[in-house]
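Student: okay, sequence plus prediction incoming.
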Amino acid sequence: MTSSAPEFIPESTPDDAVQAHAFDPPGRSHQISPVFNDAELERLRRYGQLRHFADGAVLFEAGNSSFGMLVILAGRVAITRHEVMGQDTLLREVGRGHFIAEVAQLSGRPTLVNGSAVGAVELLDISSESLRALIVAEAEMGERIVRALILRRVGLIESNSGGPVLVGPRGNANMFQLQSFLSSNGHPHTVLDPDNDTAAAALRTRYQPAAHEWPLVVCPDGKVMKNPGNADLGRCLGMLPDLSGDKIFDVLVVGAGPAGLATAVYAASEGLSVLALEQRAYGGQAGASARIENYLGFPTGISGRALAGRAYVQAQKFGVEVATPANAAKLECDSWPLRLTLTDGVTVCARTVVLSCGARYRRPSLANLKTYEGRGIYYWASPIEAKLCRQEEIILVGGGNSAGQAAVFLSGHAARVHMVIRGAGLAASMSSYLIERIAATPNITLHTHTEIIALEGDDDGLSEVRWRNNQTGEEADCAVRRVFLFVGADPNTDWLQDCAVAVDAQGFIRTGFDVTRAECSKLGDKPISPAELPERAALETSVPGVFAIGDVRAGSTKRVAAAVGEGAAVVSQIHSFLARLPADAAS
């Protein structure tokens with residue numbers, strides 16, 4: 001069995017524990033399972049509804065029941081999980097003063113486990129909305145609750161408890177994609193090989209999947225799916241909620257990278273209703289950073305996933321609705337309210353839209369590239385990929401900071417990292433501290449003026465790479481099975497063609513004075529006074545009420561700190577825009 005822990009740990013946890021995915025149940029049992037005293041239980045009563053259950057009654061079911069937090073006042077509750085073949089396993093029993101909840105309950109998602117009454121049970125049923133109000137209003141208790149929720153999520157992952165079970169043969173590309181999707185979103189899951197596990201083998205016998213139907217996925221409610229896409233898996237787990245209602249959000253954030261998460265947190269904490277759409281995993285490209293060492297306040301560094309994970313929980317704490325994976329297909333800017341249509345046809349409405357959709361990984365023009373994606377070609381360097389290349393020689397293409405961080409991280413697992421760049425060196429595109437670290441790492445070899453020109457493989461995936469030195473013209477074949485591509489990214493703006501959002505020649509979104517200057521340039525020599533210029537905020541696009549922040553914005557500084565700063569700054573500009581709306585539109 002394998003699992004991958006999310007890197008969101010409470011702020012009081014040492015950063016070295018975060019990097020090591022530390023989880024110490026004996027040492028943290030008081031944090032994982034805090035017990036409320038009588039006075040605290042009395043304070044909690046005003047947040048919940050009193051409910052009674054008879055012995056043996058089902059309180060909640062994995063994948064079907066949603067609640068915020070259940071606080072036990074009398075009796076005991078048995079918590080179980082579904083196994084691969086349908087049987088249940090007892091995880092633990094809890095009694096008076098304990099509470100039942102996990103990170104998913106902050107946003108009303110289905111529970112990952114089952115619960116039943118042991119004896120007569122009396123409890124407080126606190127809704128997700130009331131739970132978030134409790135966390136904010138009762139600061140000391142709220143801190144203990146949030147810390148417990150996060151550590152429980154880590155515990156579920158470390159113990160392979162809850163979440164979906166992925167069953168498939170070793171090396172299956174579809175299995176890797178689903179595992180990477182779940183890991184990047186900090187979601188517990190278990191991976192079983194039918195050739196090595198009897199329960200997985202029995203599942204294979206029952207469902208008889210064809211080659212293209214691997215992997216089998218067992219949802220927390222026991223439902224079995226054959227090779228689901230990310231969206232189907234997201235619906236199974238409640239990560240992709242039903243957005244087909246007629247609710248109009250104050251703020252619609254497209255992209256949950258550092259910029260988008262910052263907007264979500266600040267906007268929701270100031271009372272605005274916020275929906276955040278993310279096409280793959282919160283954290284964006286920053287989530288692929290193995291260690292960020294120049295972000296203010298983290299002198300020992302922090303991984304991109306750890307930083308994003310904390311922000312993600314923080315957003316849920318303030319009531320942000322997050323939908324993953326949700327791919328934006330079309331933005332309609334000529335009607336009110338603004339309307340955004342997803343690739344599945346669902347349309348959501350909002351008074352303002354914040355475009356923090358970042359960039360898409362650039363793919364080199366190589367034959368067979370798609371054939372080996374997930375089977376030797378990777379665009380991410382997480383612990384999952386690190387395990388795949390243990391004690392192997394690998395190639396990493398790219399010379400930016402993300403490439404440098406990935407090279408250093410992977411060098412701790414691979415036998416040798418061949419770092420390939422087209423230029424003469426790293427100084428033009430990489431921070432000096434990373435250049436020094438790469439030079440000091442004995443198993444990283446830098447190949448300058450070099451590029452990959454061909455990929456070859458076998459039934460197991462990529463097996464050989466041909467590269468060429470562009471100065472000497474010399475070509476060579478390398479027997480490597482793992483290639484990591486960090487060759488830059490293009491702005492994710494092609495879906496905005498139906499909207500009048502102005503972009504520059506490279507496709508990045510113009511904002512503020514950049515928009516005004518571009519509009520004035522179209523007037524030629526026609527004189528124009530400052531009073532005639534449109535009133536536009538610094539981060540507002542050419543479309544009123546549509547803002548752009550982070551990497552997708554023209555002229556932005558491609559740093560996590562800058563993205564977070566823009567995410568915070570845009571909220572005040574949103575308030576100003578909403579304040580100027582006519583009364584009927586604002587309501």
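Tutor: Looks like it arrived, so ask away.
Student: nearest spatial neighbour of V501, chain-adjacent residues omitted?
Tutor: Using Cβ to Cβ, 6 or more residues apart in numbering and skipping the chain neighbours, the partner closest in space to V501 is T541 (4.9 Å). Every C-beta, even on glycine, is put in place using the N, C-alpha and C of the backbone.
Student: what's the spacing between that neighbour and R291?
Tutor: When Cβ to Cβ, to the nearest Å is the yardstick, T541 and R291 sit 34 Å from each other.
Student: about what we covered before: so how far is A500 from the residue nearest to V501?
Tutor: To A500, T541 is 9 Å away according to Cβ to Cβ.
Student: and for A563?
Tutor: For A563, the distance to A500 - Cβ to Cβ - is 25 Å.
Student: tell me which of these two has more neighbours.
Tutor: Under the criterion of other Cβ atoms under 10 Å, the comparison of A563 against A500 puts A563 first, with 28 against 13.
Student: where's that one, which helix or strand?
Tutor: Remark: A563 resides in helix 560-580, with elements defined by DSSP states H and E.
Student: and that helix, what's buried?
Tutor: Neighbour counts over helix 560-580 (16 or more other Cβ atoms under 10 Å) mark 560, 562-571, 573-575, 577-578 as buried.
Student: kindly report the same for stretch 467-482.
Tutor: By 16+ other Cβ under 10 Å, the buried positions in stretch 467-482 come out as 467-468, 480-482.
Student: where does that stretch sit relative to the chain's centre, distance-wise?
Tutor: When distances are taken as Cα atoms, centre = their mean, to the nearest Å, stretch 467-482 is centred 35 Å away from the chain's centroid.
Student: endpoints of that stretch, how far apart?
Tutor: The first residue of stretch 467-482 is 14 Å away from its last residue (Cα to Cα, to the nearest Å).
Student: my read is that E270 contacts S572, right?
Tutor: No: with the criterion set as Cβ atoms under 8 Å, E270 and S572 do not qualify as a contacting pair; they are 9.1 Å apart.
Student: helix or strand next in line after the helix or strand encompassing R204, which one?
Tutor: Here R204 is covered by helix 198-207, with elements defined by DSSP H and E. For helix 198-207, the succeeding helix or strand toward the C-terminus, using DSSP H and E, is strand 216-218.
Student: that following strand pairs with which strands, and in what direction?
Tutor: strand 165-167 (antiparallel), strand 224-226 (antiparallel) (DSSP bridges).
Student: how far is the first one from where the chain is centred?
Tutor: Just to be clear, that refers to strand 165-167. Taking Cα atoms, centre = their mean, one finds the center of strand 165-167 at 20 Å from the center of the full chain.
Student: now do the last one
Tutor: Computed by Cα atoms, centre = their mean, the chain-centroid distance of strand 224-226 equals 23 Å.
Student: tell me which residues in that strand are buried?
Tutor: In strand 224-226, residues buried by neighbour count (16+ other Cβ under 10 Å) are 224-225.
Student: residues in contact with it: which ones?
Tutor: With Cβ atoms under 8 Å, 6 or more residues apart in numbering as the contact definition, strand 224-226 has outside contacts at 203, 207, 209, 213-214, 216-219, 232-233, 236.
Student: ok, 10 Å please
Tutor: Contact with strand 224-226 is made by 84, 86, 164-165, 167, 203, 206-207, 209-210, 212-219, 232-233, 236, as judged by Cβ atoms under 10 Å, 6 or more residues apart in numbering.
Student: any idea which helix or strand comes after it?
Tutor: As assigned by DSSP H and E, the chain's next helix or strand after strand 224-226 is helix 230-237.
Student: could you say what helices and strands that next one packs with?
Tutor: With contacts defined as 3 or more Cβ pairs under 10 Å, 6 or more residues apart in numbering; DSSP states H and E, helix 230-237 has these neighbours: helix 173-184, strand 216-218, strand 224-226.
Student: which residues of the stretch 351-500 of the chain fall in strands?
Tutor: When assigned using DSSP state E, counting those that start in this stretch, the strands of the stretch 351-500 of the chain occupy the ranges 359-361, 377-378, 393-397, 416-420, 444-447, 450-458, 461-469, 475-478, 483-485, 489-491.
Student: how about the stretch 1-150 of the chain?
Tutor: The residue ranges that make up the strands of the stretch 1-150 of the chain, judged by DSSP E, counting those that start in this stretch, are 49-53, 58-60, 69-82, 88-94, 99-100, 114-126.
Student: in the fourth one, which residues are buried?
Tutor: Read it as strand 88-94. Residues of strand 88-94 classed as buried by neighbour count (16+ other Cβ under 10 Å): 91, 94.
Student: how far does it sit from its chain's centre?
Tutor: Distance of strand 88-94 from the chain centroid (Cα atoms, centre = their mean) equals 29 Å.
Student: who does it pair up with?
Tutor: Here the strand partners of strand 88-94, with direction, are listed using DSSP bridges: strand 69-82 (antiparallel).
Student: how far off strand 49-53 does the strand it pairs with point, in degrees?
Tutor: Relative orientation of strand 69-82 and strand 49-53, computed by axes from the mean of the first three to the mean of the last three Cα atoms, to 10 degrees: 40 degrees.
Student: avg pLDDT for strand 69-82?
Tutor: Computed over strand 69-82, the mean pLDDT rounds to 94.
Student: equivalent analysis for stretch 448-466, please.
Tutor: On average, the pLDDT along stretch 448-466 is 94.
Student: ditto for stretch 268-288
Tutor: Rounded to a whole number, the mean pLDDT of stretch 268-288 is 93.
Student: please point out which parts of it sit buried.
Tutor: Within stretch 268-288, the residues that count as buried by 16+ other Cβ under 10 Å are 268-269, 272-288.
Student: how distant is that stretch from the center of its chain?
Tutor: Relative to the chain's own centre, stretch 268-288 is displaced by 8 Å; criterion: Cα atoms, centre = their mean.
Student: out of the helices and strands in the protein, which is least certain?
Tutor: Of all the helices and strands that make up the chain, the one with the lowest confidence by mean pLDDT, DSSP states H and E is helix 15-19; it has a mean of 31.
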